[in-house]
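Peer 1: the following comprises the amino acid sequence and a computationally predicted model.
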Amino acid sequence: MKFIRIKNCYKVYKNGVAAIADLTLDIDKGEFVFVIGASGSGKSTLIKMLYREEKPTKGIVEIGGINVSKLRNRTVYKLRRKLGIVFQDFKLLPKLTVYENVAFALECIGMKGSEIRPKVLKALEHVGLKDKTRSFPNELSGGEQQRVCIARAIVNDPKLLICDEPTGNLDPNTSKEIMTVLDTINKDLGTTIIMATHDKDIVNRMKKRVIVLDNGVLAQDHMKGSFKISETV
């Protein structure tokens with residue numbers, strides 16, 4: 001069984017815009033996959049369907065054998081507890097320390113304090129911020145703030161990490177550092193990573209699987225190696 005299975009999937013918004021058209025796609029557990037495409041290509045819609053921010057108009061979106069498109073709204077939180085999500089804008093709580101921001105994700109699901117501490121420290125160690133536990137977000141660089149976001153996303157050991165333009169607000173050198181962190185998480189923890197990005201340099205340097213969407217259609221699917229994105233993407 002494929003870890004992620006998208007079959008004959010369509011998404012048409014109420015205003016008539018067709019964002020996804022007959023998309024069929026399989027992703028194995030432990031893969032690192034880039035999703036790319038021009039603005040309006042459907043990549044953001046695809047990402048949102050994975051964490052059930054959006055539902056397909058027709059078709060199947062399965063994660064770990066669960067058809068997430070059929071989940072009732074009141075049970076979506078159960079899916080999201082099993083996922084890690086990293087956004088372009090950091091979404092950190094400014095009045096909480098680094099430790100508290102990461103711990104908050106576990107407090108929200110009712111985990112006991114004695115269980116939280118080792119998990120938070122382990123997650124911060126994975127992203128190289130174990131010495132920043134008492135710092136506040138405004139005391140950190142942009143790259144460090146994104147590392148905190150990644151730690152928060154992996155603190156509950158998710159099988160799937162969804163990254164939506166995680167380097168979009170970062171300079172090239174910091175972006176490289178973030179990608180090193182994500183690559184290590186993928187390799188060391190076996191976490192499946194799906195990342196939407198516009199960054200051609202990152203995609204070509206990482207040599208991972210690349211999925212190209214064009215007007216909601218799967219235009220290209222390159223498994224590995226150097227893939228040069230066309231100038232129109």
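Peer 2: On my side now, so go ahead. Numbers count the residues shown, from 1 in each chain.

Peer 1: please report the distance of the residue of the chain positioned farthest from its centre from residue 106.
Peer 2: Most distant residue from the mean C-alpha position of the chain: residue 114, 28.0 Å away (CA atoms, centre = their mean). Using CB to CB, to the nearest Å, residue 114 is found at 11 Å from residue 106. Bear in mind the C-beta positions are built from the backbone N, C-alpha and C, glycine included.

Peer 1: any buried residues in the helix or strand in which the residue farthest from the centre of the chain is found, and which?
Peer 2: Residue 114 belongs to helix 113-126 when assigned by DSSP states H and E. The neighbour-count check on helix 113-126 (16 or more other CB atoms under 10 Å) flags 116, 119-121, 123-124, 126 as buried.

Peer 1: where does the nearest residue to residue 174 once chain neighbours are set aside land in three-state SS?
Peer 2: Spatial nearest neighbour of residue 174, excluding adjacent residues (CB to CB, 6 or more residues apart in numbering): residue 143 at 3.7 Å. Recorded secondary structure, residue 143: helix (DSSP: H, G, I helix; E, B strand; the rest coil).

Peer 1: hmm, residue 143 is touching residue 172, no?
Peer 2: No: using CB atoms under 8 Å, residue 143 is not in contact with residue 172; the gap is 11.1 Å.

Peer 1: between these two, which is the more surrounded one?
Peer 2: Comparing residue 143 with residue 172 by other CB atoms under 10 Å, the one with more neighbours is residue 143, at 18 against 10.

Peer 1: quick one: average confidence on stretch 60-73?
Peer 2: Mean pLDDT, stretch 60-73: 90.

Peer 1: over to stretch 33-53?
Peer 2: Throughout stretch 33-53, pLDDT has a mean value of 93.

Peer 1: for residue 48, give me its contacts.
Peer 2: Residues near residue 48 by CB atoms under 8 Å, 6 or more residues apart in numbering: residue 54.

Peer 1: and it, what helix or strand is that in?
Peer 2: Element membership for residue 48 (DSSP H and E) is helix 43-50.

Peer 1: okay, that helix in PDB with CA atoms only?
Peer 2: Extracted C-alpha coordinates of helix 43-50, given in PDB (Å, rounded to 0.1, in the frame of the first residue of the first chain):
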ATOM      1  CA  LYS A  43       0.300  23.300  -5.800                       C
ATOM      2  CA  SER A  44      -1.100  25.200  -2.800                       C
ATOM      3  CA  THR A  45      -4.400  23.500  -3.300                       C
ATOM      4  CA  LEU A  46      -2.700  20.100  -3.300                       C
ATOM      5  CA  ILE A  47      -0.800  20.900  -0.100                       C
ATOM      6  CA  LYS A  48      -4.000  22.100   1.600                       C
ATOM      7  CA  MET A  49      -5.900  18.900   0.600                       C
ATOM      8  CA  LEU A  50      -3.200  16.800   2.300                       C
END
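
Peer 1: centre-most residue in this protein?
Peer 2: Using CA atoms, centre = their mean, the residue of the chain that lies closest to the mean C-alpha position is residue 162, 1.5 Å off.

Peer 1: how much space between the closest residue to it other than its chain neighbours and residue 47?
Peer 2: Spatial nearest neighbour of residue 162, chain neighbours left out: residue 85 (5.0 Å); criterion: CB to CB, 6+ apart. Distance, residue 85 to residue 47, using CB to CB: 9 Å.
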